[in-house]
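Novice: What follows is a predicted protein model with its sequence.
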4 protein chains.
Amino acid sequence: MIKASVIGGTGYAGQELIRILMRHPEVEVVTIGTRSFAGQKFSDVYGNFETITDLVCEATDIKLLAEKSDVVFLALPHGIASKTVTKEVLEKTKVIDLGADFRLKDINIYEDWYQTEHFNQPLLEEAVYGLCELHRDEIKKAQLISNPGCYTTCSILSLAPLIKHNLIDIKSIIVDAKSGVTGAGRGTALELMYSECNESIKAYKIGSHRHTPEIEQELQLLNGQDFNILFTPHLVPMNRGILALSYANLTAKLTLEEVKEIYKAFYRDEYFVRILENRMPETRWVKGTNYCDIGVTVDPRTNHVIVVGAIDNLIKGAAGQAVQNMNICFGLAEKTGIDFIADFPI
Amino acid sequence: MIKASVIGGTGYAGQELIRILMRHPEVEVVTIGTRSFAGQKFSDVYGNFETITDLVCEATDIKLLAEKSDVVFLALPHGIASKTVTKEVLEKTKVIDLGADFRLKDINIYEDWYQTEHFNQPLLEEAVYGLCELHRDEIKKAQLISNPGCYTTCSILSLAPLIKHNLIDIKSIIVDAKSGVTGAGRGTALELMYSECNESIKAYKIGSHRHTPEIEQELQLLNGQDFNILFTPHLVPMNRGILALSYANLTAKLTLEEVKEIYKAFYRDEYFVRILENRMPETRWVKGTNYCDIGVTVDPRTNHVIVVGAIDNLIKGAAGQAVQNMNICFGLAEKTGIDFIADFPI
Amino acid sequence: MIKASVIGGTGYAGQELIRILMRHPEVEVVTIGTRSFAGQKFSDVYGNFETITDLVCEATDIKLLAEKSDVVFLALPHGIASKTVTKEVLEKTKVIDLGADFRLKDINIYEDWYQTEHFNQPLLEEAVYGLCELHRDEIKKAQLISNPGCYTTCSILSLAPLIKHNLIDIKSIIVDAKSGVTGAGRGTALELMYSECNESIKAYKIGSHRHTPEIEQELQLLNGQDFNILFTPHLVPMNRGILALSYANLTAKLTLEEVKEIYKAFYRDEYFVRILENRMPETRWVKGTNYCDIGVTVDPRTNHVIVVGAIDNLIKGAAGQAVQNMNICFGLAEKTGIDFIADFPI
Amino acid sequence: MIKASVIGGTGYAGQELIRILMRHPEVEVVTIGTRSFAGQKFSDVYGNFETITDLVCEATDIKLLAEKSDVVFLALPHGIASKTVTKEVLEKTKVIDLGADFRLKDINIYEDWYQTEHFNQPLLEEAVYGLCELHRDEIKKAQLISNPGCYTTCSILSLAPLIKHNLIDIKSIIVDAKSGVTGAGRGTALELMYSECNESIKAYKIGSHRHTPEIEQELQLLNGQDFNILFTPHLVPMNRGILALSYANLTAKLTLEEVKEIYKAFYRDEYFVRILENRMPETRWVKGTNYCDIGVTVDPRTNHVIVVGAIDNLIKGAAGQAVQNMNICFGLAEKTGIDFIADFPI
């Protein structure tokens, strides 16, 4: 059994991770670390765990956890992981970080977008970007995995085949993404109150969301070019799910069927990417799963290709992909413990 | 492997059943029967099954299914099962009926509340009422199991300890229950349209809902007396979940602690009934699970005991309990394949 | 024009009040008092007021407002109004208090349920309980009006005819009420976050909600007897609306038609109470209005009468009734400025 | 008093129109025409009208209504109005059509996008496109007004200043729009059922929605050029509201402040268009109102201008604008009867 610990286990992503790990056939959850709820039974913080676990939240230390864990998951606000993960920790345990600290390879870009200093450039270089479908081989050998952001996962998977094959004008890329409210985390805030979010939609941080450089970094890796994208997130009155529409001008003359074939070929061996044939993705069909559903269409009137991607932000966009990463780097079958069918109606 | 077929597999309960059965370690789903969608791939009807199954819906016959199935689940409108299930069918397969046809033992009560003739009194007598916690021994030997209604399951489990021990005035029982919209099924109807249900609550069929006599039958069995209850259902703007508040006058002088102890003792060995200590049930904590959460309180000002029960109407109130019944009568561990942790936030 | 000021204008009830007053043909809003948002434009706090008003929130004092206002509305947490409203204030302006400080006539009951000392017994006696349909004559002459609570308004109007005519067993009364989330106000709290409330229902403060003694006080006034009721509130995943089901044992032998006639007679001249004939109340039909819709039914099997009441908690349950009170005590037509038709779909 | 009739009064837009007209100080509603609910009291079809009107729905004829009405509103599926509105009708009454029949000036474009023959080219030419802010002078003299679509209104108002002043590359325009469920009307359909829409978002008819040519027609009128746009609608789990994000490449070098000034100047005299300064539009702030809120931003990294527009699809996108049109062509103050403040929380 893999001994797993989670630090930051009482946020939404952390809790989802614990839920998955507790039903994972090869994992034993040894410690739930959390500062805010230290001393409380986890099942008192989250009533869904009633009778399921007696674990008590602990204000613990990554060094201690490294001693007794085969893997430590971090689900923390940015700026903490880069200060606490060390070479010594990584000699004793694998670390899978769900936060942002190790995602951006260029420290200047990190400091620019996060408006804070980064103190751990060496680990930035060592960390593997844990988008499983694109970095599987590196993940297998990684000791420190930086789990991608939710918008990021959906956007990169949506655009990767087009970028890889140089089929679009890289200066024309717009990603218009919509997220459920859990994407904002569990911290209380007026704008996240029920009656403030409910029955309304808004765009926010247009062109300035921190997932932008992360998407750019990974897409640029695919074709070696340098370019900017325009990324717009929205807040949608629903708990979970991301739907991302990616727009770009086709440079190649391709029929819809040809574009579909390219996507199917690109993701041929990927269990968790489903290229839809006869319908477009809707978040309900991936909710509670580790799937990324992708649909493509072409608009000949304006020569655009439009890619629609859908994921569950807390699963493929966070906890599920973290476990997928764990499965890969511990040599387990990749879908072990995360092979969910969406529970419909949500 | 248990070969299982489902007739009526494209309603909400049927689909939920298929979802559970497809991940059940001891089951193989052989046939999905449905008249309305015959010939269509199940994954075209329900997009969550994309890449998961290639099964095609069939307009099939219970006799044929009996030949090739160890168990046939029926998820049909009332009035059909009682006409198609026969002695011959039951010689070849077990039948678990999620509909209402075999729930009421007294044919007159059935005909009175359902306003239709019942043509199968013999099977009515043979059928075992599949409320697992109360009829486990009969279920073990049953060939025909009548799965309880959703409101019913929650209400009976809530009141059983008080009735069994004669602690309340049986003429004072009121059950005020609230259900999510999936309780009404997947048939299109104006009143179930998004913009008609959303942001509003209503009570309906006050004192006249068909689950009333079902609750009465089972409670009466527990103490041998004859009595009526007042049952009020509500439609709540959410997909899933039932919250039932049961009110009754205490006849015994009992403290809250004593009432709690009675509940804990009554359900001591029941994995799927959780008696809450420090909080009251909320539907979110049972959503997507087979649990029935129960909380009790006492109001000394009016001498009432109030029991709060919560279930997921499609799981413990339908598909999950159907699989629990299957597990029992096939000799499997009762929680096999249905040991879910609620996926929160919903 | 009536010069009106609002203290506590940035809570939900306060904001609703300002919205109504700004379209009221006989009112001019002179000051919006609020501590938390002092110095901010009201339209920056609430975007719906963009271009509609340039008023800036002020951290003001009731004494100052009394000088320049014909009426001052208070929408504050309990414990403040009783300390700041004085004889001197009331000599200069009328005060309509939407909070709890002056609702309970018996100071011991107040201190018992609110667990705090009350410092203003004299004004407690002077204050008129502003449930318009029951206290209209006193309201006409009042200088200090205590606007009823939301649950209270709905429950009292639902039960008044039965109590007044002594038709029910007063020891059997149960009110099972359901409220939208705005009922909890605009203060941030984890349990009111979108993803915590959404898609779930819960009961809370069963038998111990502070609106209980308020309902009892007013019902007891109607028949001169002393009795307790059992009141249970619920939180429902919707913004607005209260649906209250009141249960009681009929002592008189009455048909449904007779009960309906009693209700119709009781509320014959009431514009804002609608006794429904062919349907039961649903919150959607009163949302955004000052109506209280009432439906009644009788369950002969258990000899219960069931009354269903529905209001908008922020209008008839708060701001609308406050303006109705203002209209009455300023001699205006009672429906002036509050004669809304529900905007459907919500 | 203006005598107004509505045909198609039991759809969502029709009902909203009747609600507005019944509180309009210069209007008397004389007839509610509807085939489906003929003979039923309007208040039985829509419970919000209980006690407010005794009007009974009639299966009436536009010719008859023309005799007794100063204005007839049509809220019908496409294909009917063009067959029933005649010169004779228009000699007797003004007609404001909320449907699509008279919106597209080019009959070939109509027939192409609606896949049906159009039988009334002469009236197509006579009809005035009722986007009030752009066609006010024509509307004043019009006898037949074609009320714009909901997506259309929001998209055109969002882009008009940029197009008019030739500030963007007209081949780069993408409108990514999100709508609440009422946009799909009140007809029952599986995909509009509560549990099918709730908690999920989807894009649909990407590049092929019928509002596309309507947007193009009006934008082309503003600068005389010919171009196509890419229009993508989404279904969002909320009742009302449209949020449209319009993306385009700036051809001029403009700062954000300059762009804002252009918008403020363009809409300087428009009561119902609010150019936001310090926040971006959210549908909640326009819900239940006739406002179109607009915010702009510029992304220097990709040289895009992004315009965010928000309206209530049933008011500014349908019934409210229809009344605005009526006000204009009857010489009333434009905001008469439609000067609503959004009722928040929704």
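Specialist: Yep, that arrived.
Novice: before we move on, what SS does the residue lying farthest from the centre of chain A have?
Specialist: For chain A, the residue at maximal distance from the C-alpha centroid (C-alpha atoms, centre = their mean) is A:Arg301, at 34.1 Å. Following DSSP: H, G, I helix; E, B strand; the rest coil, A:Arg301 is assigned to coil.
Novice: so who does it touch?
Specialist: Shown in contact with A:Arg301 (C-beta atoms under 8 Å, 6 or more residues apart in numbering or on different chains): D:207, D:228, D:230. Where you see a C-beta, it was placed from the backbone N, CA and C, and this is true even at glycine.
Novice: mind running it again at 7 Å?
Specialist: By C-beta atoms under 7 Å, 6 or more residues apart in numbering or on different chains, the contact set of A:Arg301 is D:207, D:228.
Novice: any idea of the pLDDT on it?
Specialist: Model confidence at A:Arg301, expressed as pLDDT, equals 97.
Novice: Pull up the residues of the stretch 201-346 of chain A that are close to chain B.
Specialist: A:239-240, A:274, A:276, A:278-279, A:282, A:285, A:288, A:341-346 (C-beta under 7 Å from any C-beta of the partner chain).
Novice: Pull out the buried members of these.
Specialist: For those, a burial check counting by 16 or more other C-beta atoms under 10 Å in any protein chain shown picks out A:239-240, A:274, A:276, A:282, A:285, A:288, A:341-346.
Novice: which of the residues you listed come close to chain D?
Specialist: With C-beta under 7 Å from any C-beta as the criterion, those include A:239, A:282, A:345-346 near chain D.
Novice: Out of those, which comes closest to C:Asp137?
Specialist: Set against C:Asp137, the nearest of those by C-beta to C-beta is A:Asn239 (50.0 Å).
Novice: which stretch of helix or strand covers the residue lying closest to the closest one once chain neighbours are set aside?
Specialist: The shortest distance from A:Asn239 to any non-neighbouring residue, by C-beta to C-beta, 6 or more residues apart in numbering or on different chains, is to B:Pro345 (4.4 Å). Counting by DSSP states H and E, no helix or strand carries B:Pro345.
Novice: Provide a list of residues in contact with B:Pro345.
Specialist: Residues near B:Pro345 by C-beta under 7 Å, 6+ apart: A:12, A:182, A:239-240, C:195.
Novice: Spit out the contact partners of the residue lying closest to A:Ala127 once chain neighbours are set aside.
Specialist: Sequence neighbours aside, A:Phe102 is the residue nearest to A:Ala127 in space, at 3.7 Å (criterion: C-beta to C-beta, 6+ apart). The contact partners of A:Phe102, taken as C-beta under 7 Å, 6+ apart, are A:81-82, A:123-124, A:127, A:144, A:146.
Novice: about what we covered before: out of the ones next to chain D among the buried ones among the residues of the stretch 201-346 of chain A next to chain B, what pair is the most spread apart?
Specialist: Of all pairs drawn from these, the one with the longest distance (C-beta to C-beta) is A:Asn239 and A:Glu282, at 14.8 Å.
Novice: Give me the pLDDT for the residue nearest to A:His24 when sequence neighbours are not counted.
Specialist: With sequence-adjacent residues excluded and distances taken as C-beta to C-beta, 6+ apart, A:His24 is closest to A:Gly337, at 3.4 Å. Looking at A:Gly337, its pLDDT stands at 98.
Novice: Kindly report the same for A:Asn278.
Specialist: 89.
Novice: Quickly note the distance from it to B:Glu50.
Specialist: Per C-beta to C-beta, to the nearest Å, A:Asn278 is found 10 Å from B:Glu50.
Novice: likewise A:Ser82?
Specialist: Counting by C-beta to C-beta, the gap from A:Ser82 to B:Glu50 is 39 Å.
Novice: Among the residues of the stretch 201-346 of chain A next to chain B, find the lowest-pLDDT one for me.
Specialist: When these are compared, A:Asn278 shows the smallest pLDDT, 89.
Novice: how about that one, secondary structure?
Specialist: coil.
Novice: residue contacts, it?
Specialist: Residues near A:Asn278 by C-beta under 7 Å, 6+ apart: B:Asp44.
Novice: what's it sitting at in phi/psi?
Specialist: Main-chain dihedrals, A:Asn278, degrees, to the nearest 10: phi -110, psi 0.
Novice: what's the answer for A:Thr283, then?
Specialist: Phi and psi for A:Thr283, reported as degrees, to the nearest 10, are phi -70, psi -30.
Novice: which one is it nearest to, not counting chain neighbours?
Specialist: A:Gly241 (3.0 Å).
Novice: Hmm, the one you found is touching A:Lys316, no?
Specialist: No: the criterion here is C-beta atoms under 7 Å, and A:Gly241 misses it with A:Lys316 at 10.4 Å.
Novice: Neighbour count: those two, which is higher?
Specialist: Each of A:Gly241 and A:Lys316 has its neighbours counted (other C-beta atoms under 10 Å in any protein chain shown); A:Gly241 has more, 33 against 29.
Novice: what separates that one from B:Val45, distance-wise?
Specialist: Counting by C-beta to C-beta, the gap from A:Gly241 to B:Val45 is 21 Å.
Novice: do the same with A:Gly8
Specialist: For A:Gly8, the distance to B:Val45 - C-beta to C-beta - is 40 Å.
Novice: Looking at those two, which is more packed in?
Specialist: Remark: of A:Gly8 and B:Val45, A:Gly8 carries more neighbours, 24 against 16, as counted by other C-beta under 10 Å.
Novice: Might you report the residue contacts of that one?
Specialist: Neighbouring residues of A:Gly8 by C-beta under 7 Å, 6+ apart: A:14, A:33-34, A:74-76.
Novice: mind running it again at 6 Å?
Specialist: Listed by C-beta atoms under 6 Å, 6 or more residues apart in numbering or on different chains, the contact set of A:Gly8 reads A:14, A:75-76.
Novice: Next: A:Ala127.
Specialist: By C-beta under 6 Å, 6+ apart, the contact set of A:Ala127 is A:102, A:144, A:146.
Novice: Next: A:Ala177.
Specialist: A:Ala177 touches A:151, A:233, A:244, counting by C-beta under 6 Å, 6+ apart.
Novice: Shouldn't the first one be within a helix?
Specialist: Going back to what we said before, that points to A:Tyr151. Yes: A:Tyr151: assigned to a helix according to three-state DSSP.
Novice: Touching, it and A:Pro213? I think so.
Specialist: No: using C-beta atoms under 6 Å, A:Tyr151 makes no contact with A:Pro213, being 11.9 Å away.
Novice: Who has more neighbours out of the two?
Specialist: In terms of neighbours (other C-beta under 10 Å), A:Tyr151 is the more surrounded of A:Tyr151 and A:Pro213; the figures are 27 against 23.
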